[in-house]
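**Q** Generate a structure from the sequence data that follows.
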Amino acid sequence: MRHRRSDVLAHAVALLDTHGLSALTMRRLGSELDVQPSAIYHHFASKQALLAAVADEILARGARPRTADEWPDQLREVCSELRHAMLACTDGADVVATVWAFGLGAAAPVAELEKILTDADAPAELVAVASRTLVHYVFGHAFEEQTARQAVSLGAVDRSLESLPDFDLGLDLVIDGLRARLS
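**A** Predicted coordinates:
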């Protein structure tokens, strides 16, 4: 049976969301699609290419319309969208952050943050550092939140989840620092 790339990708995201990153293998994906794992390589040259496509799909599914006019609010929109997109899929934060760190994909949020900062007349050397700082904050917070919630739900740890809703305050601290630099 021959599958389209979009079908293979949709099944890979579903497999990730249902069973987590450790279950997302070429062998399992092929088995569930009733094809040889080598057939998956027809669509994705490697497991890394598959993960890059999965990360980009996670981000695409989380895309929301932009409504903010001012650059600080635009940054908040991008960062909040990124966080929500990653949290919407089991191990989404791990996949997206890893793909981005390896330079394989998931670059759209960083490019959008860079454009916002450039349009706000931030110096070029600040644009790169500020956009990376923002995504590192979002990746780190989402990874901690996702991992903690999964571990608590499985009964693996007894941890308070009270510190997890502080995302917006932490983001405001970073944006306030940028605002001070730009004024």
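**Q** Helices along the chain, start to end?
**A** Along the chain, the segments classed as helices by DSSP state H run 5-19, 26-32, 37-40, 47-61, 71-87, 92-101, 108-119, 124-153, 167-182.
**Q** Could you save those helices as CSV and add columns showing distance to residue 159?
**A** C-betas here are computed from N, CA, C, even on glycine. CSV is the format used below for the helices of the chain (distance: least, Cβ to Cβ, whole Å):
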stretch, distance to residue 159
helix 5-19, 23
helix 26-32, 30
helix 37-40, 37
helix 47-61, 25
helix 71-87, 17
helix 92-101, 17
helix 108-119, 28
helix 124-153, 6
helix 167-182, 17
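**Q** Just checking, which helix or strand of this structure averages the lowest pLDDT?
**A** Of all helical and strand segments in the chain, the minimum by mean pLDDT, DSSP states H and E falls on helix 37-40, at a mean of 87.
**Q** close enough to count as contact, residue 88 and residue 58?
**A** Yes. Counting by Cβ atoms under 8 Å, residue 88 touches residue 58, with 7.4 Å between them.
**Q** In terms of neighbours, single out the busier of those two.
**A** A count of neighbours by other Cβ atoms under 10 Å puts residue 58 above the other of residue 88 and residue 58, at 25 against 12.
**Q** That one touches residue 87, doesn't it?
**A** No. The criterion here is Cβ under 8 Å, and residue 58 misses it with residue 87 at 10.0 Å.
**Q** Next, find the distance separating residue 98 from residue 166.
**A** Going from residue 98 to residue 166 by Cβ to Cβ, to the nearest Å gives 24 Å.
**Q** Then residue 53?
**A** Distance from residue 53 to residue 166, by Cβ to Cβ: 32 Å.
**Q** Of those two, give the one with the bigger neighbour count.
**A** Taking other Cβ under 10 Å, residue 53 and residue 166 do not tie; residue 53 has more neighbours (21 against 12).
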